[in-house]
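S.K.: Here you go, sequence then predicted model.
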Amino acid sequence: MGNTNAKDFWSRRDFVKTAASVALGRVASGRVLAQTGASRRVLAYVGSYTSAIDGGSNGKGIYRFEMNARTGAFASQKLVAETPNPSWIVIHPSKKYLYSVNEIVNQENGSVSAFAIDPTSGDLTPLNVVSSEGRGPARMSFDASGKYAFVANYAGGTFAVLPIVEGGRLAAAIDVHRDSDSVGARSATNAPPGSFAISGHDAPHAHMIAADPSNRYVLVVDLGQDRIYVYRFDAATGKLTLSEGTSFVSFPTGDGPRHFVFHPNGRWIYALGEESSTVTFFHYDAVQGTLALQQTISCLAAGFAGSNVTSEVVISPDGRFVYAANRLHDTIATCSIGSSGELKLLGEVSTMGDYRRHCTFDPSGDFFYVCNQRSDSITCFKAHRETGLLSFTGQYAPVGTPSIVTFLS
């Protein structure tokens, strides 16, 4: 398939899919929050640090906001769950439940908390708490059926599969794995000149886990080992087994892969190097569960020197742009996606805050939000769909040490 055909293949198909899902999301939002339909608002949930990890501890748990879909403004802040260090939160595909990891590192295991979402107010009711089977859980996701949750434990170097049972409660882990092998170099191969970003290579550190779009494989990122593992997933039992043949892909030593994102076509993956400040593009074979390196580019402007670490990678809903968040440099880098999947750095914009942790689009793709962990704020940007560039709206939402924002749509 030539470049033009490839571009047409994903852009036309995914335009239809994206338009349909946005439309369905708006219908669902109207049903659940009928009282806010006239002002086109949706709900946003924000996790915050309640004890100091890589910053302050000014948060109290999970907050709920109402988002104005016309202006992007956050309002009506409410603390809806007091839970320790909900550094990553996810909403179940059913839209009935919310789950948070509790990033606890000073005991043998962290935990994962389950909540029911009130369909009218958006308030949260605690359901239960289970062990994450490792210290410092960092990331959580679901399989396509919504029957299983995956959790990666950064400090413990483990990852686990947790069944989701009737009523949204979590059951104890049915599968637990621990990464064990050599770790990468203390300094990143592709770090910018003068960088002192050398954390994360003292031991294995599982930083992300997520199923591929086919739900046949689960990919696990280990920052300390500079690897992305590919596990075969049994959707009937929830068990993970290493894929036959090539079970992982390696990054240059010390670069520290952190997070990845799939393109809407399911064939391209973009992975973030935390210590190297890079984005790497892979071809993904969904039949074999293998990754093939295509390109690596810097998230920083040419000539940058000094320390920086990245924290999040996001793809635009239309699959045309990739965004990478820089900490210390405190910018969001925007990259265009070519017809063959290759990246080109277009520019960067200030996060208007300190130590950017998480960033994401709202459900419509009109606005882009940034959690500034060390300046206790969430900043809002207008996303310009034709150019991919972001412009600050002038709007701040005050939250103590915010870690993540996610939307109920």
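M.R.: Right, received. Where do you want to start? Everything numeric in this text was worked out from a predicted model, so none of it was measured.
S.K.: what's in contact with the helix or strand containing Thr310?
M.R.: Counting by DSSP states H and E, the element that carries Thr310 is strand 309-315. Contact with strand 309-315 is made by 197, 199, 258-264, 270-275, 277-279, 299, 321-328, 337, 356-361, 368, as judged by Cβ atoms under 8 Å, 6 or more residues apart in numbering. Bear in mind the C-beta positions are built from the backbone N, C-alpha and C, glycine included.
S.K.: quick one: which of those residues sit in strands?
M.R.: Per DSSP state E, strands hold the following members of the contacts of strand 309-315: 258-262, 270-273, 278-279, 321-327, 337, 356-361, 368.
S.K.: Show me the helices in this protein, by range?
M.R.: 3-32 (DSSP state H).
S.K.: Which residue lies closest in space to Ser377, excluding its sequence neighbours?
M.R.: Closest residue to Ser377 apart from its sequence neighbours, by Cβ to Cβ, 6 or more residues apart in numbering: Tyr396 at 4.8 Å.
S.K.: Check Ala149 too.
M.R.: The shortest distance from Ala149 to any non-neighbouring residue, by Cβ to Cβ, 6+ apart, is to Leu162 (4.5 Å).
S.K.: In this structure that neighbour contacts Arg169, no?
M.R.: No - using Cβ atoms under 8 Å, Leu162 is not in contact with Arg169, being 10.2 Å away.
S.K.: Just want to know which of these two has more residues nearby.
M.R.: Each of Leu162 and Arg169 has its neighbours counted (other Cβ atoms under 10 Å); Leu162 has more, 26 against 15.
S.K.: do you know how far the more buried one is from Asn106?
M.R.: According to Cβ to Cβ, to the nearest Å, Leu162 and Asn106 sit 22 Å apart.
S.K.: got the contact list for the nearest residue to Val249 once chain neighbours are set aside?
M.R.: In space, and not counting its chain neighbours, Val249 is closest to Leu291: 4.4 Å by Cβ to Cβ, 6+ apart. Residues in contact with Leu291, defined by Cβ under 8 Å, 6+ apart, are Ile228, Val230, Val249, Ile269, Phe282, His283, Tyr284, Asp285.
S.K.: I'd like the average pLDDT over the strand holding Thr310.
M.R.: Taken as a whole, strand 309-315 has a mean pLDDT of 97.
S.K.: same deal with stretch 132-142?
M.R.: 97.
S.K.: okay, how far is it across that stretch, tip to tip?
M.R.: Using Cα to Cα, to the nearest Å, one end of stretch 132-142 lies 14 Å from the other.
S.K.: what's the answer for stretch 171-181, then?
M.R.: By Cα to Cα, one end of stretch 171-181 lies 29 Å from the other end.
S.K.: Can you give me the buried ones in it?
M.R.: For stretch 171-181, burial by neighbour count (16 or more other Cβ atoms under 10 Å) applies to Ala173, Asp175, Val176, His177, Asp179.
S.K.: Same question for stretch 42-62.
M.R.: 42-50, 53-56, 58-62.
S.K.: And for stretch 145-160?
M.R.: In terms of neighbour count (16+ other Cβ under 10 Å), stretch 145-160 has its buried residues at 148-160.
S.K.: now, the most widely separated pair of these?
M.R.: Using Cβ to Cβ, the buried residues of stretch 145-160 span at most 22.7 Å, a distance reached by Tyr148 and Ala155.
S.K.: Run the chain-centre distance for stretch 189-197.
M.R.: Centre-to-centre, stretch 189-197 and its host chain are 24 Å apart (Cα atoms, centre = their mean, to the nearest Å).
S.K.: mind saving the C-alpha coords of that stretch as PDB?
M.R.: Presented in PDB, the C-alpha positions along stretch 189-197 are these (Å, rounded to 0.1, in the frame of the first residue of the first chain):
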ATOM      1  CA  THR A 189      22.200   7.300  25.500                       C
ATOM      2  CA  ASN A 190      20.100  10.100  23.800                       C
ATOM      3  CA  ALA A 191      20.000  12.600  26.600                       C
ATOM      4  CA  PRO A 192      20.500  16.300  25.700                       C
ATOM      5  CA  PRO A 193      23.900  17.800  26.400                       C
ATOM      6  CA  GLY A 194      24.500  18.500  30.100                       C
ATOM      7  CA  SER A 195      21.500  16.500  31.300                       C
ATOM      8  CA  PHE A 196      21.600  15.200  34.900                       C
ATOM      9  CA  ALA A 197      18.300  13.200  34.400                       C
END
